Every structure is written in structure tokens, then in C-alpha cells.
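# Sequence first, predicted coordinates after that:
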Amino acid sequence: MAKDAQPRWDHKMQQRLSRGEAAALGELYDRLASLVHSLAHRVLDDDEAADQVTREVFGHVWEHPDEYDPKQGSLRSWVAKLTNQHAVSRLRRTGAAALADGGTGTTEELEQRVRRAAAEARADYIRTSMPAPLRRALELAYFERRDYRQTAAHLGVTDDEARRRLRLGLQLLSTAHTRPVEGSSPPGYGRSL
């Protein structure tokens, strides 16, 4: 899909959802359910809980499509933000309930777990959302242990271009650990990179 076609699609999808078109929700679900589930699972580390969060997120989208503000970013980013909020909230609730029932650990340990899980989920979202050339350069450097020259040769680009891609990709990933958990947004929703 062309870059300028995406905002149009997002706007039309929001209009269809606002009109109560069940087919629009099905289409959105087909496009984003795997993203929502994987982000929720990353935070919660539980398939059933991730399934529940997925249902909650799409229920929220269905009931409140007008909360999406195209000026703040893409529909995908908004849905990812909702997922992060729902998953972190659920993690806090279940962790607090476990502590109340005499579980091991402290409130501080729970908050550390919440922050770590939220940062990991944001990093996953950033990695999967970044442009393919940046993602591929990072994958070559990290997973295949290639330096920038080897990465450049593999991708068929100059050394300078490989360094640029690696630098930009790492800058994007670094934002995953710099945002606060409450009200955090994936890149592209609510602030520019």
C-alpha cells in the first residue's frame, strides 16, 4: 500500500467503524489481530490472557472508533497503543491480586516486571513496524553477527548506507526504553521520532 494511501485507508476504516459496519471490524481484525495478540503476549506471557486482551482491544475499537485521531498517527499505532494499555493494566491487576493472595514478591518487583514487559513489547512493535531496509540491516548485524561492511555487501549498498540504516534502526529501538509505561505510545502515535 502506498504511503499516502494508508492515511486514507485509516480514515475510511474509522468512518466505517463509526457507522457500525461489522465487516469493517472483521477487516481490521484480519489485518491487526496477530499484532495485537503478539504485543499482548509479550507483556503477559500467557496465551489465554493475550486472547482476552485481543478481544478487549477490538471491543474497545468497535465501541469507541471516534477516539482514534488521525493527526496523532496511524490506526495501527493507535491499536498498538490500546493493546499496550490493556495488557499493562491486566498485568498490574493480576500481579496485584497475586500479591494480595499472599504471592511472593513485592509491589516494586511487580512494577519492574510491568516496565520491562512494556519496554519489550514496544521494542517488538518498533522492530516489526520499522521500514524493511532498516529491519533487515539490524537483523543481519544482530542475529547473523555481521559488521557494517558485511551488512553492506549482503544488502548491495554502500558502507555509509549500511551504517546509516543501522544507526537509524538502533535509534528507533532505543526509544522503547525511554518512554514511561503509563500512557506510552508506540512510535508514530502521538509524537514524531
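Received the coordinates, thanks.

# From now on I want contacts and neighbour counts done on CA atoms only, so please keep to that.
Noted.

# okay, now the domains of this structure?
With domains defined by automatic domain parsing, the chain comprises 8-128, 130-183.

# and the helix of greatest length in the chain, how far from the chain's centre?
Ordering each helix of the chain by length in residues (DSSP state H) puts helix 75-100 first. Relative to its parent chain, helix 75-100 has a centroid offset of 13 Å by CA atoms, centre = their mean, to the nearest Å.

# Could you point out the helix or strand that follows it?
Next in sequence after helix 75-100, counting helices and strands by DSSP states H and E, comes helix 107-129.

# Any idea how far the next helix or strand after that next one is from the middle of the chain?
Counting by DSSP H and E, the next helix or strand C-terminal to helix 107-129 is helix 132-142. Relative to the chain's own centre, helix 132-142 is displaced by 18 Å; criterion: CA atoms, centre = their mean.

# by contact count, what packs against helix 132-142?
In terms of contacts (3 or more CA pairs under 8 Å, 6 or more residues apart in numbering; DSSP states H and E), helix 132-142 is packed against helix 148-155, helix 159-174.

# For residue 14, find the nearest of those helices.
Residue 14 lies closest to helix 159-174 among those, at 27.6 Å (CA to CA).

# Quick one: the helices and strands packed on helix 132-142 as JSON lines, columns for distance to residue 62 and mean pLDDT too.
Output for those, formatted as JSON lines (distance: least, CA to CA, whole Å; pLDDT from 0 to 100):
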{"stretch": "helix 148-155", "distance to residue 62": "42", "mean pLDDT": "94"}
{"stretch": "helix 159-174", "distance to residue 62": "30", "mean pLDDT": "90"}
